[in-house]
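K.L.:
coordinates only, sequence not included:
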């Protein structure tokens, strides 16, 4: 069933802050095998002009996607998450995410399309720090594949 | 931001050093834990096949994280990345053996933009197939 177009433009309340920890950044960097010292060594990060260790560019997805769960799991929207695949992902940074950040995400449904029975959902997550300053915007395109026989 | 590459030293067509990233089942389990994405298609072969996949596949975000290393290793400061986007065109299929899969990433400067930034276009291949499309980063150089 096609998703309700009236959800386009809907914005969900900002999430409770996620506190970015140095060890979580280290764990993520190690999991992707990235040895850049800016992720683990505060002095190396400072030499690049950052106040503390920074997170790899895609780290913030874990936070923005969890926030997008408000949209994905909204019973009124009625998305069949068991059929969802990740289509596109994009980030635009005002500054890198860093240890000590307390980040809140505001998710908005940017577009809903139906193509060949697939539902396509574009979600924008605006990520702000505790001071209300913009850190990064994450755009996520989800595709719910058509159910068999539909 | 202090990239180690100077804007004036690059031209459209400048190639970044290419890299090859191995992806094993162990890597996917570790990434699942670090990222919080425990979708069983990334670690459970039986489940993956039940939903029509050839085998366990890598997290798209894992491939995205690997690909940008070509840019951040080149720039030095990962904070130099001001934009990064990809399309997930094909899954990276990861067999349950010692070798797993291999993702080959190449990149070159596609455009010189304002404010000392350049657009870098990336390619990511696995088993002869393009696994990322429209893969682009904007990077602020020194």
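P.N.:
Alright, I've got the coordinates. Being a predicted model, the structure only gives us computed values, none of them experimental. Residues are numbered from 1 along each chain as shown, chains lettered A, B, ... in the order given.
K.L.:
Can you report how many residues lie near residue 80?
P.N.:
No chain specified, so I'll use chain A. 13 (other Cβ atoms under 10 Å in any protein chain shown). Just so you know, the C-beta spots here come from the backbone N, C-alpha and C atoms, and that holds for glycine as well.
K.L.:
try again with chain B
P.N.:
By other Cβ under 10 Å, neighbour count at residue B:80 equals 27.
K.L.:
State the phi and psi torsions of it.
P.N.:
phi -70, psi -10 (degrees, to the nearest 10).
K.L.:
quick one: contacts for it?
P.N.:
B:1, B:2, B:3, B:72, B:139, B:140, B:141 (Cβ atoms under 8 Å, 6 or more residues apart in numbering or on different chains).
K.L.:
Restricted to helices, list the residues you listed.
P.N.:
Using DSSP state H, the members of these that fall in helices are residue B:72.
K.L.:
Reformat the contacts of residue B:80 as JSON lines; add distance to chain A and neighbour count.
P.N.:
Below are those laid out as JSON lines (distance: Cβ to the nearest Cβ, whole Å; neighbours: other Cβ atoms under 10 Å in any protein chain shown):
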{"residue": "B:1", "distance to chain A": "6", "neighbour count": "20"}
{"residue": "B:2", "distance to chain A": "5", "neighbour count": "15"}
{"residue": "B:3", "distance to chain A": "9", "neighbour count": "22"}
{"residue": "B:72", "distance to chain A": "6", "neighbour count": "23"}
{"residue": "B:139", "distance to chain A": "10", "neighbour count": "30"}
{"residue": "B:140", "distance to chain A": "10", "neighbour count": "21"}
{"residue": "B:141", "distance to chain A": "13", "neighbour count": "22"}
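K.L.:
low-scoring stretches of chain A, by residue?
P.N.:
A:1, A:148-150 (pLDDT under 70).
K.L.:
What residue in it comes nearest to chain B?
P.N.:
Per Cβ to the nearest Cβ, residue A:90 is where chain A lies closest to chain B, at 3.1 Å.
K.L.:
Name the helix or strand for that residue, please.
P.N.:
Element membership of residue A:90 [criterion: DSSP states H and E] is strand A:84-93.
K.L.:
Okay then, goodbye and thanks.
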